[in-house]
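**Q** only the shape, not the letters, is given here:
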């Protein structure tokens, strides 16, 4: 079956670093995406990993281990505007995205 | 680049009417578009995959006669919710992909449907 797990909620302090984990078990794998979604809005693309390792893009980094079925999104120097839901999605071999439930991150002053 | 638009952004309709939602890729040709539905505090659920010039592929449990999808050109896909009922009220989001397989999906801003 297809299963993607993320923590439901996380809280962090402005200026801090937070790591959001994602584990997956899917019948096919063609890359893993992270999206940010603010309440009432559509998801926006953050990162894409298809090979093992760390991809860094400004304050955001994403890591993938295919052998462990594991990824994380790292957010540095947190800002209040980073309060949002973060969606982990696996691209199956058919091109479809399978989404996790999303992690709601609350950044506090 | 990679801008996807949806229209309308909000729609309120009476039960039994049909609603058409448009999804357009503005600066690239989308061979594949996807339609998702998202209920409050839940993740995105794929409804169907739409390929230009061919019939849409629906996910299990999605009624193809109720949710009509047309992908007539490389920049436009439409979703028509026929005979809408209050339980169809949801956030409908489309995404577009330039090729097939690995390419990133870019999401439209979503359409919020409220059926009274």
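**A** Looks like it arrived, so ask away. Nothing here was measured: the structure is a model prediction, and the numbers come from that model.
**Q** and the helix or strand bottoming out on mean pLDDT in chain A, what does it pack against?
**A** Using mean pLDDT, DSSP states H and E, strand A:97-99 stands out as the lowest-scoring helix or strand of chain A, at a mean of 89. The contact analysis (3 or more Cβ pairs under 8 Å, 6 or more residues apart in numbering or on different chains; DSSP states H and E) places strand A:97-99 against strand A:84-91, strand B:45-51. C-betas here are computed from N, CA, C, even on glycine.
**Q** pairing partners for it, with directions?
**A** Strand pairing for strand A:97-99, using DSSP bridges, gives strand A:84-91 (antiparallel).
**Q** start and end of stretch A:95-109, how far apart?
**A** End-to-end distance of stretch A:95-109 (Cα to Cα, to the nearest Å): 40 Å.
**Q** buried ones in that stretch?
**A** A:95, A:96, A:97, A:98, A:99, A:100, A:101, A:102, A:103, A:104, A:105, A:107 (16 or more other Cβ atoms under 10 Å in any protein chain shown).
**Q** lowest pLDDT pick from the residues you listed?
**A** pLDDT across the buried residues of stretch A:95-109 is at its lowest for residue A:95, which sits at 74.
**Q** from chain B, how far out is that one?
**A** Using Cβ to the nearest Cβ, to the nearest Å, we find residue A:95 at a distance of 5 Å from chain B.
**Q** residue B:32 is in contact with that residue, correct?
**A** Yes: with contact defined as Cβ atoms under 8 Å, residue A:95 counts as touching residue B:32 (6.4 Å).
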